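Chemist: model the following, please.
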Amino acid sequence: MKTRHLVFNNLDLTLAKLNEGEFHLKNDSQKPLPCDTFATTASPRSSPALTRVCQRGVVHTLRRRPNPQTPLPSLTQNRSSAHWNAPVSVLQSMARPSSCVGALLGVALAMLLWLVLGELLLSTSTAALPHPAAADGGAAAEIGAGRDRLKWLMQISDLHISEHGDEDGRLRDLHALINTTLPLVKPALLIVSGDMTDAKDRRALTTAQRASEWRMYAAALNASSVPVVDLRGNHDAFNVLDPFSETDLYTAHGASKKHGHHTIRLGDLAIVVLDATPKPGPRAPFNAFGHLTSASLEDFAAELRAAAQYARHIVVASHYPSGIVVSPRSGDVSFKALLRQYASLYVCGHLHTLFDMVRPMHANSPTGLLEMELADWKLHRAVRVIAVDHDLLSVGDFEHGDWPWVLVTNPKSAQQLLSDKEPWWQMANSSHIRLLAWSPAGIERVRVVLNSNSNNKVSADEGVIECTKHAEETALWLCPWDARALSAKLTGVQTMKVVVTDTAGVQTTRTHQFSLDGSWAAMPLLASIVLQVDFQLLLLCSAVATTALTLAALLLPLSALRSITPPFIHRLIATWRAGRSLMQRLLTLYVLYLLLGPWFVGRMLDSAWGSLHSFGVLVLQPATHQLSLFPTPYGQFHLALRLVLGVWPLAIVAHTTTTATANTSSFCQTSWWRIVGIVWLAVSCVVVVLFWISMWVPYGPAALIANPSNVFFFVLVLRAFSREPRR
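Modeler: Numbering: from 1, shown residues only. From the prediction side, this is the model:
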């Protein structure tokens, strides 16, 4: 941007050049100046003559005449004059169609970001929680050295027991967990949150239940010394038409053998089991998302309301993370709203920490809901301990065999604070640091080192604390401290180091964040995004947006697009527009077919035929010959992918072929743009072929033959390269 400096009427001014012959006037205060401050022409120190333009008594811009010898035009002269192009007012420029569309798109984007990421912004806050007035009668109960208000559970997930050998030792280690670790840790309950079996062939191409895998799983779990509750995952529902059918092996070999939602009561702690597996359960990949019908959602709400009558904490156990559970939305009753209202902790598996890209995968909602996905047993031998100590809920994740384990229960982790579902303020009235520690060799010594931040000073005597073992509970270690005195010094989020040494000489050090004033430590942002984003809504919005943009580019006249889009977007859409009316109609028909028609027909299960649509999967029930639909965001994701990788490059290639034949100037006539379209289309063809083959293997030869969407696509590919003069 070029600038010009001048002094006028004793004011120091700067003219910033935006376009040819256009200057904007600013002073040091960056405010518009009154019109009566300036004359019609500039001072002698400025070489070009300048004119003033007043809008409601305020100078907005100054214009330079192209020819200084030409007299200044009057303000009433026509705007189309070659020597006068007075700028429109701010309100007029905002009233332009493109500006209106831009504003509307900005508002829509802001709303979408709030729906998708709004809670994440709150979940990363570190502000202190408000202290409840007169909570529990107004006095905070002291957390001392007792054992009576302490209980803990264990969770494992995604075992994937396979009949194709145990080279990696997952079955062997499961027997070690059941026979050795459970008697050592002594949890009140063991939760197995789905995917007990792998249900795949040796090449992982087809999926179905295998009796040998279920028998191996049952043989291991039957030796458990503690109660076990297991729930089905998507692998446990592959090729299962409905519960209690002959292909449902969970009923015969599972530990719980319970379908649907149910509750396990442990005193004032409730564990609500959420069964979100699709029914019927097709082969992979169409049951990768959980599914709740309206009736199932009402049953789940009833379980939560009943548990809330007696439970201080409700733990919801599911296989699927909440963000990938497809559920109906009816008024104020929604799946997410129910979790936020009633549950304190939501534990799950399924995502395998996204191949170790997001580990740990934990999130904390500002409404007081912890959601924690557990890494799999298959590769990582992950084990979770869930403890409730004096109504404070703490969670620790460990690797089986990596001893010692240690979980601090008071003061609890600042990342796991629950705003209105636990008495967190009692930590400032505690007489002991409390922690659980285990090792097969036995724990010999535990000490705690308080590390103050730069604003808080802790003396050496207060900073190092030796701990003693509880007389009755060997896993409980107590470290005396005066939290009342330290609460004035330890403000905000603090850290302590817990050093645990077992009798074999193995030492582990765990860094523990805590706070005594309710300050909240943020969870990792990427984990919060993965767990708290509503992927059902996100994929629906992406499918609607890409469909609307594609249909607008194909159907709206270019003159209408020019008035509502910026110039670059208008030229880009023009490249998508096929030059021939026939190709344009074919592309439009293809988009409409992707929206409504079946993409392919095949055997979704051994005993049932079905078809894939953009809105879900239709399955023909063999007994009643009725169609059952369960919506899956897989169709919405694939719709957006087909439009971006299919329709858009087809339109570009078709248009470049036509314009090259017609020998007319065009935005996309250049060779590089045609190369981009051809490469783009080649990638699309590879993706479609891979999709075609991947549907053939699990769903039978019918999925290869009765596949109109892929046939239609390759017909359009051939048509796009046919040369025909442009009309």
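Chemist: residue ranges of the helices in the stretch 551-700 of the chain, please?
Modeler: 558-564, 567-576, 581-596, 633-642, 648-662, 671-699 (DSSP state H, counting those that start in this stretch).
Chemist: tell me what angle the fourth one forms with helix 581-596.
Modeler: If you take axes from the mean of the first three to the mean of the last three CA atoms, to 10 degrees, helix 633-642 sits at 160 degrees to helix 581-596.
Chemist: what's helix 633-642 packed up against?
Modeler: With contacts taken as 3 or more CB pairs under 8 Å, 6 or more residues apart in numbering; DSSP states H and E, helix 633-642 sits against helix 535-555, helix 581-596. C-beta here means a position set from N, CA and C on the backbone, and glycine is covered the same way.
Chemist: could I get those as JSON lines with distance to H432 and mean neighbour count?
Modeler: Shown next, in JSON lines, are the helices and strands packed on helix 633-642 (distance: least, CB to CB, whole Å; neighbours: other CB atoms under 10 Å):
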{"stretch": "helix 535-555", "distance to H432": "43", "mean neighbour count": "18"}
{"stretch": "helix 581-596", "distance to H432": "63", "mean neighbour count": "17"}
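Chemist: follow-up on the earlier one: comparing the helices of the stretch 551-700 of the chain, which yields the minimum mean pLDDT?
Modeler: Lowest mean pLDDT within the helices of the stretch 551-700 of the chain: helix 567-576, at a mean of 61.
Chemist: mind putting the helices and strands packed on helix 633-642 into a markdown table with distance to L159?
Modeler: Shown next, in a markdown table, are the helices and strands packed on helix 633-642 (distance: least, CB to CB, whole Å):
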| stretch | distance to L159 |
| --- | --- |
| helix 535-555 | 25 |
| helix 581-596 | 38 |
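Chemist: what's the closest of those to L716?
Modeler: helix 581-596 (6.0 Å; CB to CB).
Chemist: got the CA coordinates for the closest one in CSV?
Modeler: In CSV, the C-alpha atoms belonging to helix 581-596 read as follows (Å, rounded to 0.1, in the frame of the first residue of the first chain):
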residue,chain,number,x,y,z
SER,A,581,-26.4,-28.6,-21.5
LEU,A,582,-26.5,-32.5,-21.7
MET,A,583,-23.4,-32.9,-19.5
GLN,A,584,-24.9,-30.4,-17.1
ARG,A,585,-28.1,-32.3,-16.9
LEU,A,586,-26.2,-35.6,-16.4
LEU,A,587,-24.2,-34.1,-13.5
THR,A,588,-27.3,-32.8,-11.9
LEU,A,589,-29.1,-36.1,-12.3
TYR,A,590,-26.0,-37.8,-10.7
VAL,A,591,-26.1,-35.5,-7.7
LEU,A,592,-29.8,-36.2,-7.2
TYR,A,593,-29.2,-39.9,-7.5
LEU,A,594,-26.5,-39.8,-4.8
LEU,A,595,-29.0,-38.0,-2.6
LEU,A,596,-31.9,-40.5,-3.0
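Chemist: thinking again about what came up before, ranking the helices of the stretch 551-700 of the chain by burial, who's on top?
Modeler: Of all those, helix 648-662 has the most neighbours on average by mean count of other CB atoms under 10 Å, namely a mean of 23.
Chemist: and of the helices and strands packed on helix 633-642, who's closest to I675?
Modeler: helix 581-596 (19.9 Å).
Chemist: contact partners of that closest one?
Modeler: 547, 550-551, 554-555, 577-578, 613-614, 639, 642-643, 646-647, 650-651, 654, 708-709, 712-713, 716, 719-720, 727 (CB atoms under 8 Å, 6 or more residues apart in numbering).
Chemist: per-residue confidence at R577?
Modeler: R577 is given a pLDDT of 55.
Chemist: for Q669, same thing?
Modeler: In this prediction Q669 is given a pLDDT of 46.
Chemist: what's the burial count for H625?
Modeler: 7 (other CB atoms under 10 Å).
Chemist: how far away is it from E246?
Modeler: 19 Å (CB to CB, to the nearest Å).
Chemist: who touches stretch 470-479?
Modeler: Residues contacting stretch 470-479 (CB under 8 Å, 6+ apart): 145, 147, 150, 185-186, 432-438, 443, 446-448, 465-469.
Chemist: buried stuff in that stretch?
Modeler: Going by neighbour count (16 or more other CB atoms under 10 Å), the buried part of stretch 470-479 is H470, A475, L476, W477, L478, C479.
Chemist: likewise for stretch 596-611?
Modeler: The neighbour-count check on stretch 596-611 (16+ other CB under 10 Å) flags P598, W599, F600, V601, G602, R603, M604, L605, A608, W609, G610, S611 as buried.
Chemist: so where do the strands sit in the stretch 401-550 of the chain?
Modeler: In the stretch 401-550 of the chain, the strands defined using DSSP state E, counting those that start in this stretch lie at 405-410, 432-438, 443-451, 464-466, 468-469, 476-480, 494-502, 507-514.
Chemist: how about the stretch 151-300 of the chain?
Modeler: All strands of the stretch 151-300 of the chain, identified by DSSP E, counting those that start in this stretch, fall at 190-193, 228-231, 262-266, 269-273, 290-291.
Chemist: least trustworthy helix or strand in the chain by mean pLDDT?
Modeler: Here the helix or strand of the chain ranked lowest by mean pLDDT, DSSP states H and E is helix 90-94, holding a mean of 35.
Chemist: tell me the spacing between L417 and H261.
Modeler: In terms of CB to CB, L417 sits 28 Å off from H261.
Chemist: looking at these two, which is more packed in?
Modeler: More crowded of L417 and H261, by other CB under 10 Å: L417, with 25 against 22.
Chemist: close enough to count as contact, the more buried one and W520?
Modeler: Yes - judged on CB atoms under 8 Å, L417 makes contact with W520 at a distance of 5.4 Å.
Chemist: picking that back up, just put the helices of the stretch 551-700 of the chain in JSON lines and tack on distance to Y342.
Modeler: Formatted as JSON lines, the helices of the stretch 551-700 of the chain follow (distance: least, CB to CB, whole Å):
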{"stretch": "helix 558-564", "distance to Y342": "46"}
{"stretch": "helix 567-576", "distance to Y342": "46"}
{"stretch": "helix 581-596", "distance to Y342": "38"}
{"stretch": "helix 633-642", "distance to Y342": "25"}
{"stretch": "helix 648-662", "distance to Y342": "45"}
{"stretch": "helix 671-699", "distance to Y342": "38"}
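Chemist: looking at those, which is closest to T207?
Modeler: Comparing these by CB to CB, helix 671-699 comes nearest, at 6.5 Å.
Chemist: any idea how far that closest one is from the chain center?
Modeler: 27 Å (CA atoms, centre = their mean, to the nearest Å).
Chemist: helix or strand right after that helix?
Modeler: helix 701-705 (DSSP states H and E).
Chemist: now that next one: buried residues?
Modeler: Within helix 701-705, the residues that qualify as buried are A703, L704, counting by 16+ other CB under 10 Å.
Chemist: repeat for stretch 701-718
Modeler: So stretch 701-718, judged by 16+ other CB under 10 Å, has buried residues A703, L704, A706, N707, S709, N710, F712, F713, L716, V717.
Chemist: next one: stretch 436-446
Modeler: L436, A437, W438, S439, I443, E444, V446.
Chemist: quick one: end-to-end length of it, please.
Modeler: 10 Å (CA to CA, to the nearest Å).
Chemist: can you tell me what sits against that stretch?
Modeler: Contacts of stretch 436-446 with the rest of the structure, by CB under 8 Å, 6+ apart, involve 152, 180, 184-185, 385, 387, 403-407, 409, 435, 466-467, 469, 474-477, 479, 498-504, 506.
Chemist: switch to 7 Å and redo it
Modeler: 152, 180, 184-185, 387, 403-407, 409, 467, 475-477, 498, 500-504 (CB atoms under 7 Å, 6 or more residues apart in numbering).
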